[in-house]
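K.L.:
Prediction below, plus the sequence it came from.
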Amino acid sequence: MAHTSAMAIRVYADTSVYGGVCDAGIDAASREFFAQVKSGRFALVVSAVVEAELVDAPVPVRGVYEEHLPVAEIIDVSPEALALREAYLRAGIVGAKWSTDALHVALATVSRCRVVVSWNFKHIVHFDKIPLYNGVNLINGYETLSINTPAEIIAYED
């Protein structure tokens, strides 16, 4: 297994990316994302939130998560991330019912990830929401981050 290089891109993968490995239509891009994690192109960051959301997931989905734990940086839910999530909610980016989606973005932001990968088009990977997340990040002294699907960030051979 390749070790993550210093030049690897820090990427936070939300729960949907693990499920995507077993979802027809997005499985190839999801698998390739994880292959590129193993090759060292991406430094995988996951949170206790992802782990909690995967507790009741199908065995193959949990297997993908567990397979990548040895190469992942696992981050805890910090007061800083909770405060940023609250800022997203106050800004109306998502409603309180979807606060976990906002927490994924906040966790990625406070842990200095360059990219959030997700298949959640409604609350995370949405052209109306991405600039709002980044606007709140800037107002609160954080860097902006890219929010993409795995298909958008994987390297393709020419």
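P.N.:
Yep, that arrived. Numbering: from 1, shown residues only.
K.L.:
show me where this protein has helices.
P.N.:
With DSSP state H as the definition, the chain shows helices at residue ranges 15-20, 27-38, 48-53, 59-68, 79-90, 99-110, 130-139, 150-153.
K.L.:
can I get those in a markdown table with distance to Val116?
P.N.:
To be clear about C-beta, it is placed using only N, CA and C from the backbone, and glycine gets the same treatment. Output for the helices of the chain, formatted as a markdown table (distance: least, C-beta to C-beta, whole Å):
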| stretch | distance to Val116 |
| --- | --- |
| helix 15-20 | 10 |
| helix 27-38 | 12 |
| helix 48-53 | 12 |
| helix 59-68 | 16 |
| helix 79-90 | 13 |
| helix 99-110 | 5 |
| helix 130-139 | 9 |
| helix 150-153 | 10 |
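K.L.:
okay, those helices in a markdown table with mean neighbour count and distance to Val117 next?
P.N.:
Formatted as a markdown table, the helices of the chain follow (neighbours: other C-beta atoms under 10 Å; distance: least, C-beta to C-beta, whole Å):
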| stretch | mean neighbour count | distance to Val117 |
| --- | --- | --- |
| helix 15-20 | 24 | 5 |
| helix 27-38 | 18 | 6 |
| helix 48-53 | 16 | 12 |
| helix 59-68 | 15 | 13 |
| helix 79-90 | 17 | 18 |
| helix 99-110 | 24 | 9 |
| helix 130-139 | 17 | 13 |
| helix 150-153 | 18 | 5 |
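K.L.:
Figure out which of these is closest to Ile9.
P.N.:
Taking C-beta to C-beta, helix 150-153 is the member of the helices of the chain nearest to Ile9, at 7.8 Å.
K.L.:
I'd like to know which of the helices of the chain lies nearest to Met7.
P.N.:
Of the helices of the chain, nearest to Met7 by C-beta to C-beta is helix 27-38, at 13.1 Å.
K.L.:
about what we covered before: would TSV of the helices of the chain with distance to Trp119 and mean pLDDT be doable?
P.N.:
Formatted as TSV, the entries for the helices of the chain read as follows, by distance: least, C-beta to C-beta, whole Å; pLDDT from 0 to 100:
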stretch	distance to Trp119	mean pLDDT
helix 15-20	4	96
helix 27-38	8	96
helix 48-53	13	95
helix 59-68	12	95
helix 79-90	19	98
helix 99-110	12	98
helix 130-139	15	98
helix 150-153	8	96
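K.L.:
Relative to Ile124, which of those helices is closest?
P.N.:
Nearest of the helices of the chain (C-beta to C-beta): helix 99-110, 5.5 Å.
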